[in-house]
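Novice: Quick one, what's the 3D model for this:
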Amino acid sequence: MSDASVPYDSDNIFAKILRGEIPSTRVYEDDATLVFMDIMPRADGHCMVIPKTPCRNVLDATPDQLAAVMQTVQKVSRAVMRAFDATGVTIQQFNEADGGQEVFHLHVHILPRHAGDSLRPPGNMGDMDQIAEHARKIRAALE
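Specialist: Numbering: from 1, shown residues only. A predicted model of the protein is given here:
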């Protein structure tokens, strides 16, 4: 199905996080975007950027939503590199089920990287205390 044929589901998990119905470890927020930690981190410092307004993915996002998200991605990417002394950053974004998207609210993954490291396998819950500490480090690097 194309993006235009499927309506936005306001009960998706990220919409619930935005409304405060589901807890999250928030890292950064501005008028248009929210950044929070991934609870199944594939790397230390793995966080996600989402727009605060509804859209399923890149295919139905407005130019303003895309611009706001990418500005935040750049800002937070620089911060995670500082926070984790990373020498690189992986940015991931998936669209529609066949493209690997699992939550149908536009989101961009930010993963700090180091030479020779490997990403952890997907789908494994992280240690929430460690995730909270990683969020603290990123917030400090944003200041």
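Novice: my read: residue 32 touches residue 53, true?
Specialist: Yes. Assessed by Cβ atoms under 8 Å, residue 32 is found in contact with residue 53 at 7.4 Å. Placement of C-beta: from N, CA and C, glycine included.
Novice: Quick check: neighbours shared by those two?
Specialist: Jointly contacting residue 32 and residue 53 under the rule Cβ atoms under 8 Å, 6 or more residues apart in numbering are residue 65.
Novice: Apart from its neighbours in sequence, what residue is nearest residue 132?
Specialist: residue 25 (5.7 Å; Cβ to Cβ, 6 or more residues apart in numbering).
Novice: mind checking how far the lengthiest helix in the chain is from the chain centre?
Specialist: Longest helix in the chain, counting residues (DSSP state H): helix 63-83. Taking Cα atoms, centre = their mean, to the nearest Å, one finds helix 63-83 lying 10 Å from the centre of the chain it belongs to.
Novice: gap between the spatially most central residue of the chain and residue 116?
Specialist: The centroid of the chain falls nearest to residue 48 when counting by Cα atoms, centre = their mean (1.0 Å). According to Cβ to Cβ, to the nearest Å, residue 48 and residue 116 sit 25 Å apart.
Novice: Check residue 45 too.
Specialist: For residue 45, the distance to residue 116 - Cβ to Cβ - is 17 Å.
Novice: With that, I have no additional questions.
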